[in-house]
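# This is the structure alone, sequence omitted:
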Ligand SMILES: Cc1cc2nc3c(=O)[nH]c(=O)nc-3n(C[C@H](O)[C@H](O)[C@H](O)COP(=O)(O)OP(=O)(O)OC[C@H]3O[C@@H](n4cnc5c(N)ncnc54)[C@H](O)[C@@H]3O)c2cc1C
């Protein structure tokens, strides 16, 4: 294990506020998961978490249920009250303004600096919001939904509104629309493009989702933008669209996506690889291009093994896994103990509709082919390269085995015999992999080869313990159910 005695310095300086072996910026789920896991792995290390957030770490996916009254404020906590204290994680409230990477300290707003042995940037993301010049964007009742404060505000208002406008074409907008419909609120949904979820869904999949939401009562306005907000004595009274329509509403909810908070990469004394909209570039051990500095969660751009492109995975589950991995590396565990992140995946529920996307769902690869099946409101699409799966979309009432399908892609299995079950949504991952496992054991005992990826997947250091303890506090949200599934899957595999 590394020693960081070199950071104990500068005690003569008035502004010096101490040092720690591990300093974490941000107390979102990536930051706190990393801190708790680091404590488990390194009982004696000094851990400091600096955050400008005024409340403990919350389960952000559950904010939607909180807004509609299904959960209370206390149920939002991601970890039990007092976790930081019991785990000896020192929390400092403040904003980190700059990193001095040569002398290894961070500068706080208003003066003061803190030395670090290793530094984790878990600064998350910020909401895109509405364009700066949009008329009426400052009226009371225009809410960009991203932080707890926005949802506290929304919850207070929802009982007094009849009509709401939701702006945005992604999952965040969809989940907001369905929550409002569930409360019986008339909801107008504005999508800039012809389809929703255009990054991960083809037209047919998008049509299934939109039909489902329309059936639940939403008024969907495709290829329509809000170009202005009309007010009455300072509060929202309606929106004006690109078609010059005036649609009455008392709230405008903005769900137009997020971007990573890369300011500390910009304010670092050594050049750090990042792009403003794409995040801070890290390798598979979450190391940035600056020695001793790591990044995890919504701010970290990790390599997509299918495309070779660095991209963020702004999802709860990804932030938890990355927090665990960063902790392992920062506390000096061997890199081989950190399982590979593999391809992205996402599972959620939109009302009755279970949605799953895995890998490269639109199959944008040279030579790839597509197979699709749709029947009575369900849709499945396989993208294949030779006989290997590279992307998968599933929409239907039954949940698909997302983790198993991810594994098919990550490990490059031939799916020649699995096309039909994957298309029909009847693929049984547990059965398939237990058969594979038996074949592998036989191959090993008879001297056959096994895939190196296989052993990484079965690494004892997979972050099960950490994820499991975290899930105790998770209400049933999309992220929760996704992670829970992973756990039960791991347990059933017996690892
Ligand atoms: C409303 C909402 C709903 C969501 N729903 C889902 C869902 O259903 N399923 C799913 O998988 N994902 C969902 N997500 C995404 C998921 O919640 C995020 O991917 C995850 O929470 C990111 O965690 P993080 O720790 O990386 O960042 P964040 O939670 O953004 O935390 C970053 C922290 O860093 C602090 N910080 C930033 N800069 C500084 C600085 N310079 N100095 C000090 N502190 C700083 C911030 O104040 C913040 O507290 C949702 C997100 C939101 C906002």
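Right, received. Where do you want to start? For clarity, every value in this text was computed on a predicted model and none was experimentally measured. Residues are numbered from 1 along each chain as shown.

# Near the ligand, which residues of this protein are found?
Within the chain, the positions near the ligand by C-beta under 6 Å from any ligand atom are 25-31, 50-53, 60-61, 63, 95-96, 122-125, 145-146, 261, 264, 297-298, 314-317, 319, 348, 477-479. All C-beta spots, glycine's among them, are computed from the backbone N, C-alpha and C.

# so is residue 339 in a helix, a strand, or just coil?
coil (DSSP: H, G, I helix; E, B strand; the rest coil).

# Going forward, the N-terminal residue is numbered 673.
Yes, from this point I'll number from 673; that puts the last item at residue 1011.

# what's the pLDDT at it?
Looking at residue 1011, its pLDDT reads 89.

# just the one 5 residues further on next, same as before
The pLDDT attached to residue 1016 in the predicted structure is 94.

# Count the residues that sit near the nearest residue to it once chain neighbours are set aside.
What sits nearest to residue 1016 in space, not counting adjacent residues and going by C-beta to C-beta, 6 or more residues apart in numbering, is residue 985, at 5.3 Å. Residue 985 has 20 neighbours, counted by other C-beta atoms under 10 Å.

# Among the residues of the chain next to the ligand, name the ones in helices.
If you go by DSSP state H, those have 701-703, 735, 936, 988-989, 991, 1150-1151 in helices.

# Would you format those as CSV with distance to residue 974 included?
What follows is those, written out as CSV (distance: C-beta to C-beta, whole Å):
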residue, distance to residue 974
701, 16
702, 12
703, 17
735, 25
936, 18
988, 15
989, 13
991, 11
1150, 21
1151, 18
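
# nearest to residue 690, of these?
Nearest to residue 690 among those, counting by C-beta to C-beta, is residue 703 at 18.3 Å.

# I figured that closest one hits residue 694, correct?
No. With contact defined as C-beta atoms under 8 Å, residue 703 does not reach residue 694; the gap is 10.8 Å.

# For the ones in helices among the residues of the chain next to the ligand, pick the one with the most neighbours.
residue 702 (32 neighbours).

# That one: what's it in contact with?
Going by C-beta atoms under 8 Å, 6 or more residues apart in numbering, residue 702 touches 794, 796, 968-970, 972, 991-992, 994-995, 998.

# give me the low-pLDDT residue ranges for the chain?
The model of the chain has pLDDT under 70 over residues 673-688, 1110-1167.

# how's it carved up into domains?
677-798+931-1009, 814-928, 1017-1100 (automatic domain parsing).

# how distant is the longest one from the center of its chain?
In other words, domain 677-798+931-1009. How far domain 677-798+931-1009 lies from its chain's middle: 15 Å, per C-alpha atoms, centre = their mean, to the nearest Å.

# swap in the last one?
On the basis of C-alpha atoms, centre = their mean, the separation between the geometric centre of domain 1017-1100 and that of its chain is 20 Å.

# now the helices for the stretch 673-822 of the chain?
Here the stretch 673-822 of the chain has its helices, by DSSP state H, counting those that start in this stretch, at 701-713, 735-739, 755-758, 820-830.

# Which of the ones in helices among the residues of the chain next to the ligand sits closest to residue 1105?
For these, the nearest to residue 1105 is residue 989 (19.6 Å; C-beta to C-beta).

# circling back to that earlier point, name the stretch among the helices of the stretch 673-822 of the chain that sits most buried.
helix 701-713 (a mean of 27; mean count of other C-beta atoms under 10 Å).

# Could you pull out the buried residues of stretch 1014-1033?
Residues 1014-1023, 1025-1033 are the ones in stretch 1014-1033 that count as buried (16 or more other C-beta atoms under 10 Å).

# Can you flag which of the residues you listed belong to helices?
Using DSSP H, none of the buried residues of stretch 1014-1033 sit in helices.

# residues in contact with the residue nearest to residue 1016?
974, 1013, 1016.

# And the last one, how close does it get to residue 840?
Read that as residue 1016. 20 Å (C-beta to C-beta, to the nearest Å).

# The second one too?
From residue 1013 across to residue 840, the span is 27 Å (C-beta to C-beta).

# For the two, indicate the residue with more neighbours.
Using other C-beta under 10 Å as the criterion, residue 1013 and residue 840 rank with residue 840 on top: 23 against 18.

# how close does the more buried one sit to residue 1015?
25 Å.

# Among the ones in helices among the residues of the chain next to the ligand, give me the pair with the biggest separation.
For those, the maximum inter-member distance is 29.3 Å, found between 936 and 1150 (C-beta to C-beta).

# Apart from its neighbours in sequence, what residue is nearest the residue nearest the centre of the chain?
Centroid-nearest residue in the chain, with C-alpha atoms, centre = their mean: residue 987, separated by 0.9 Å. Excluding its sequence neighbours, the residue lying closest to residue 987 (C-beta to C-beta, 6+ apart) is residue 1018, at 6.1 Å.
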